[in-house]
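Student: Any chance you could fold what I've pasted below:
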Amino acid sequence: MMTKEERLKKAKHHCFFIGLNDSGSELCKANSIYGIASIHYIQEMVGMKADATFITTPDMTITRNASRWKSGFGYGGKITWGSGDDDLIILNTKPNACGMLVGGLEKLPEVTKLIEKIHALEAEEIMIDGIKVEWDFYKSNHFIDVFIVRQILKTDFHLSPYAFIIHGSAPEFSGDNRLGFGLYFDKSNLLLEQSQQVDTPFGTFYYLTSKSAERYYKRFKEAEEFAKLKREIAAKKIFGDFIKISNESHQRLLNKNEILLGCNYYTGNGIIYPLTLRGDLPAYLVQGLPSLSEEIIEMLGFEKRAKKLDVYNRLINSNIFPHGAGYTLPDMLNVNKIIEIDKQRYFDLEMQNDRGKKIISEVREIPYEYRGRTVVLRAVETNLIEIVAKLIPQYVLKI
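Tutor: So this is what the prediction gives:
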């Protein structure tokens, strides 16, 4: 039997961090190895090779979902725990079909009319497949933004002079609903009844195998289509006629053994994706590039370790790139150490002012801010993206 320390060391070796080495990245690193170590433990239990990996993007950061954070996960990357066809789904990762719709406009809409249309939309009862839509434009980091478009890279796709982004997910599928079980083990009793539970050395995990895993993946795909249609309905009712540029998820199951936790996925089909920063900074339209290249893997110092662990193929075919800026914590500098008491993690943080320490367990309520253009520069430097256009913010609507 491996000790906890040995398991954490192994998990750390299976994490490939491409971050900015700031406070958000450091906390992500510190917490993520616990989640990967727990997945390794489950893989061993079900007779699989314990080789789960976490490959990040430059916007790697904390997750403000308390349950996901407690399970030992960060945000801004792809977690893989099998071939894609293995009947195993890790429920603690909590996929929610969050994504962004980007639409083109020929005229800049009047802000008063936009607010009126949003209020009218939220007062209207809209059903999709018998499920009542819950509008969440004001929650967490969800928003509706309007921009002037400054095209940089010539493309075959027509870019209008103005654009908007709608950011939202499918909370309607978190718990039990008309279709049956939901996606969150801590909100869906029907899901909890069919899940398997294990107390790993680092916390309690829930997972699905066999037909239950297959059914869950099918339910997630239903939730993802629901979320996409929901964003399209909102766009039509708020903006009227528009040109759809893209409507992709950045928090989703790619298959039964891979999840995107806050990043875009390159498919080679020419999709133009949004990369949003802060409300006071430009956003970008970008195209992903095949990644990671052999040269970048070597430059990052990952090659020898990845080949030794037999996961090099996952790096060379990771094909992920940032969807946003990610959080950084302005009063924190680094993680000094982690204190574990009764499987609860406490992070001993070094502070910017060099006076005392801060000890935290939860991250949702601590001060944070969004990063700036450094994420974009890092993504270009590592050949993850091509910039198609710069989006100059006009309105940021959180109502």
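
Student: Every contact and neighbour count from this point should use C-alpha atoms.
Tutor: Noted.

Student: Quick one: residues contacting Gly130.
Tutor: Arg178 (Cα atoms under 8 Å, 6 or more residues apart in numbering).

Student: So, low pLDDT: which residues of this protein?
Tutor: Across the chain, the ranges flagged by pLDDT under 70 are 138-142.

Student: just the helices in it please.
Tutor: Secondary structure of the chain (DSSP state H): helices located at 4-13, 23-45, 66-71, 111-123, 189-194, 210-239, 294-299, 303-308, 312-316, 374-381.

Student: Quick check: which of these is buried the most?
Tutor: Most buried of the helices of the chain, by mean neighbour count (mean count of other Cα atoms under 10 Å): helix 23-45, with a mean of 24.

Student: Give me the angle between it and helix 4-13.
Tutor: Per axes from the mean of the first three to the mean of the last three Cα atoms, to 10 degrees, the angle that helix 23-45 makes with helix 4-13 is 110 degrees.

Student: Figure out how far helix 23-45 is from the centre of its chain.
Tutor: Its chain's average C-alpha position is 15 Å from that of helix 23-45, according to Cα atoms, centre = their mean, to the nearest Å.

Student: tell me which strands and helices it is in contact with?
Tutor: Packing partners of helix 23-45 (3 or more Cα pairs under 8 Å, 6 or more residues apart in numbering; DSSP states H and E): helix 4-13, strand 53-61, helix 66-71, strand 196-200, strand 327-328, strand 332-341.

Student: gap between Gly72 and Glu381?
Tutor: In this structure, Gly72 and Glu381 are 29 Å apart, going by Cα to Cα, to the nearest Å.

Student: Also Asp342?
Tutor: Going from Asp342 to Glu381 by Cα to Cα gives 42 Å.

Student: do Pro109 as well
Tutor: 36 Å.

Student: swap in Phe157?
Tutor: Distance of Phe157 to Glu381, computed by Cα to Cα: 25 Å.

Student: try Gly270
Tutor: From Gly270 to Glu381 the distance is 20 Å (Cα to Cα).

Student: Equivalent analysis for Val375, please.
Tutor: As judged by Cα to Cα, Val375 and Glu381 stand 10 Å apart.

Student: how about the nearest residue to the residue most central in space within the chain, chain neighbours excluded?
Tutor: Nearest to the mean C-alpha position of the chain, by Cα atoms, centre = their mean, lies Gly262 at 1.4 Å. Nearest residue to Gly262, sequence neighbours excluded (Cα to Cα, 6 or more residues apart in numbering): Gly76, at 4.6 Å.

Student: related to what we said a few turns ago, pretty sure the residue nearest to the centre of the chain is touching Gly77, no?
Tutor: Yes: if you go by Cα atoms under 8 Å, Gly262 and Gly77 touch, sitting 6.4 Å apart.

Student: so what's in contact with the two at the same time?
Tutor: Shared contacts of Gly262 and Gly77 (Cα under 8 Å, 6+ apart): none.

Student: contacting residues around Asp51?
Tutor: Asp51 neighbours (Cα under 8 Å, 6+ apart): His14, His40, Gln43, Trp81, Gly82, Leu309, Val311.

Student: With respect to Glu26, which of those residues is nearest?
Tutor: Distance to Glu26, by Cα to Cα, is smallest for His14 among the contacts of Asp51, at 16.3 Å.
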